[in-house]
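> After the sequence you'll find the predicted model.
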Amino acid sequence: FAWLGFYTAWLVPPAILGVLIFLIGIITMTTDGPVKEVCSTNMTMCPLCPGSTCKAWQISSACDLYKATHLFDNPGTVFFAIFMALWATLFLEFWKRKTAVLAHRWNVMDYEEAEEPIRAKFAIRATEYSPNPVTQVVEPFLKPSARYPRYFTGFSILVIMVSMIAISIVGVMVYRTIVQKAFGDADPMGKQVASISASILQVVVIIILSKVYAKLALTLTEWENHRTESEFEDHLTLKMFLFEFSNYYSSIFYIAFFKGRWLGHPPNWSINVFGFHPEHCGPAGCMMELAQQLAVIMIGKQMINNVLEWLLPLLKKWWAERQARKHRQAQANQSEEQEGLVDGAEMRSNNGNGSAIDRNRETPQWELDYTLEEDEGLFGEYLEMALQFGFITIFVAAFPLAPLFALLNNWIEIRLDANNYVTAMRRPVPEIAQDIGIWFTILDIIVKVAIICSAFIIAFTSSFVERVYYQYNYNFDLDGFEKFINSEALPNLTNFTYTCWYKGMHDNEGHPTLVYWHLVALRVVFVLVFEHVAFMIATTMDLLVPDVPRSLMQKIKAEQYQAQRELDRLEALRRSKDESEDDVQSGEEPL
């Protein structure tokens, strides 16, 4: 909870900046050069798929879609992606400082290395004993030859579950294609309905698979029989996060980096993947669909989790109280029969036998508390926040409002958790922890993945590189930009009776132009420069910001000095006492 409060407070600056970036997109939406060109140009675009099912369409029919895409694909999002990479790095650095302060305040700075006890289940299941290499105390022991096959089994099941995620993504793709075919391939409204409904279906599949694997991962980790609670939590966390990362992010990675990359173009329309024509992005590209997918999965997941966190404890509490009342009623009726008070008379104390039976007695508070739901620990809370951290860092270039929705969710989350712990759950058993454990390593990996993914999204999914290239080589106001990024297909290439345009930079024979290869090189250079600069800044901040605050370091040194002085004083007293005893034994008077 210390980490959740710290993280929520740090979400305020990116949430404010994300809203400003979104407002800038709204303000510049109607004045953007490419958007104005799309809305005012009568360019006939080629069919988006081979065969007679797809028809030619006018680019002006996608005017509203281009305007909506500009909200998430504008120069401000590039700046925001850079800001978020630096924000995430600083957040982790200052959390390390906060961890040091809390660990010192709670006196747990060296807890895990020196004091953590053995898990009771490990001690029960272990069949061998061996001396502890540190304390030399004989303890339960599990050989590596018995431990590693269990790890391999857990990893194999993880691979199988990730394969099921891939199958679910293919199923959602098929569903999206069927819905789009029902509306018509050239219908922009059908494209949006298919995309949004497929995203909602993906959320449902994600939640179902998540629930199944959660129980499976817990069973596997128990079977692996880890020595300490920290080791158990770390292995369970790693299993769950790897699966949940694949579960929640796979469809988003597909849209961001793979969808629409292998489409045919005149004269080669019939590119197939395993016999199927690849999915294509909308008229304005994949950026809008990526933002939709991210928003539906992130916000939908948060809303469903919050409703479940609010509703399930209430239902479980109601059911437990109902069962407890029935149990008490049955006990009271049984006692009445034993005492001969079947006539319905009020139960009173029987002084002769010393038994006290009173139907209307007040139930003790401890008995009422026992009917509450048992605390399930903080693993689910950590996992939810780690996934959210990935949403607001890895894909923030496509959805600047992600930090705002994360902030709103965390405010609600904190209040829901507080209410559940006070009214709907038993008092949790306190557990000592030195830090947030493996979760910090996971967050650090997410930050590094976020820097790389942001660079690729800006370079290959958004139109940032094309815009900058066109501004500095052709027209700074981006006049004629749409004809620059589209190619003209003459009738001799398409076998159509008309001339149409299609996405890509190709010559009259359908071959990539020199400008196309220039842009490919610029994209690669942008990725390399972006990630190198971001990693260099992150490394510099890691070196400049100390993990332990100077004031705390001075306090620790002062405490160590006082402790050493006290040890020296006690040692001097012991020596003085020993010398006095030696003098008494030798018959001399002590000085």
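Received the coordinates, thanks. Numbering: from 1, shown residues only.

> can you tell me the helix or strand for the one residue sitting closest to the centre of the chain?
Residue closest to the average C-alpha location in the chain (C-alpha atoms, centre = their mean): residue 387, at 0.6 Å. Using DSSP states H and E, the element containing residue 387 is helix 379-394.

> taking the mean pLDDT, what do you get for that helix?
Helix 379-394 comes out with an average pLDDT of 87.

> Poorly predicted segments of the stretch 151-300 of the chain, please.
183-192, 262-279 (pLDDT under 70).

> which stretches of the stretch 1-150 of the chain form helices?
For the stretch 1-150 of the chain, helices defined by DSSP state H, counting those that start in this stretch occupy the ranges 2-10, 12-27, 33-40, 63-70, 75-105, 111-114, 120-125, 144-183.

> Just say which of the ones you listed is most tucked in.
helix 63-70 (a mean of 20; mean count of other C-beta atoms under 10 Å). C-beta coordinates here come from the backbone N, C-alpha and C atoms, glycine included.

> Now do that helix against helix 12-27, angle only.
The directions of helix 63-70 and helix 12-27 differ by 150 degrees, with axes from the mean of the first three to the mean of the last three C-alpha atoms, to 10 degrees as the criterion.

> Hey, what's the angle from helix 63-70 to helix 33-40? Just curious.
Put simply, helix 63-70 runs at 170 degrees to helix 33-40, going by the same axes, to 10 degrees.

> For helix 63-70, name the packing helices and strands.
For helix 63-70, the elements it packs on are helix 33-40, helix 287-339, judged by 3 or more C-beta pairs under 8 Å, 6 or more residues apart in numbering; DSSP states H and E.

> Export only the CA atoms of the helix holding residue 387, formatted as PDB.
Only the C-alpha atoms of helix 379-394 are listed here, as PDB (Å, rounded to 0.1, in the frame of the first residue of the first chain):
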ATOM      1  CA  PHE A 379      -0.700 -10.600  -5.100                       C
ATOM      2  CA  GLY A 380      -3.700  -9.700  -7.200                       C
ATOM      3  CA  GLU A 381      -3.300  -6.000  -6.300                       C
ATOM      4  CA  TYR A 382       0.400  -6.000  -7.300                       C
ATOM      5  CA  LEU A 383      -0.400  -7.900 -10.600                       C
ATOM      6  CA  GLU A 384      -3.200  -5.400 -11.500                       C
ATOM      7  CA  MET A 385      -0.900  -2.400 -10.900                       C
ATOM      8  CA  ALA A 386       2.000  -3.900 -12.800                       C
ATOM      9  CA  LEU A 387      -0.200  -4.600 -15.800                       C
ATOM     10  CA  GLN A 388      -1.500  -1.000 -15.600                       C
ATOM     11  CA  PHE A 389       2.000   0.300 -15.400                       C
ATOM     12  CA  GLY A 390       2.700  -1.500 -18.700                       C
ATOM     13  CA  PHE A 391      -0.400   0.100 -20.300                       C
ATOM     14  CA  ILE A 392       0.700   3.600 -19.400                       C
ATOM     15  CA  THR A 393       4.300   3.200 -20.400                       C
ATOM     16  CA  ILE A 394       4.600   0.600 -23.300                       C
END
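
> after it, next one along is what?
Helices and strands here follow DSSP H and E; after helix 379-394, the next one along the chain is helix 402-419.

> Quick check: closest non-adjacent residue to residue 383.
Spatial nearest neighbour of residue 383, excluding adjacent residues (C-beta to C-beta, 6 or more residues apart in numbering): residue 240 at 5.9 Å.

> Just checking the distance from stretch 7-21 to the centre of its chain.
The chain centre lies 17 Å from the centre of stretch 7-21; the measure is C-alpha atoms, centre = their mean, to the nearest Å.

> What are the contacting residues of that stretch?
74, 76-77, 79-80, 83-84, 87, 91, 94-95, 385, 389, 392, 396, 400-404, 406-407, 410-411, 414 (C-beta atoms under 8 Å, 6 or more residues apart in numbering).

> hang on, the earlier thing: quick check: which of the helices of the stretch 1-150 of the chain is nearest to residue 427?
With C-beta to C-beta as the measure, helix 2-10 is the member of the helices of the stretch 1-150 of the chain nearest residue 427 (18.9 Å).

> where in the stretch 1-150 of the chain is pLDDT low?
For the stretch 1-150 of the chain, the stretches with pLDDT under 70 are 48-54, 111-116, 132-136.

> if you set the cut-off to 90 instead, what comes out?
Along the stretch 1-150 of the chain, segments meeting pLDDT under 90 span 1-5, 22, 24-86, 89, 97, 99-150.

> Check the stretch 351-500 of the chain too.
Looking at the stretch 351-500 of the chain by pLDDT under 90, you get 351-387, 391, 394-400, 412-441, 451, 453-468, 470-500.

> Try it again at 50.
For the stretch 351-500 of the chain, applying pLDDT under 50 flags the ranges 351-359.

> Give the next helix or strand downstream of the helix or strand where residue 532 lies.
Here residue 532 sits within helix 514-544, counting by DSSP H and E. Later in the chain than helix 514-544, the nearest helix or strand by DSSP H and E is helix 550-586.

> Return the set of buried residues in that next one.
By neighbour count, with 16 or more other C-beta atoms under 10 Å as the criterion, the buried positions of helix 550-586 are residue 552.

> begin at 54 from here
All set: I'll call the first residue 54, so the last point we hit is now helix 603-639.

> Isn't the residue nearest to residue 436 up against residue 270?
Yes. Contact criterion C-beta atoms under 8 Å: residue 293 and residue 270 qualify, at 5.3 Å.
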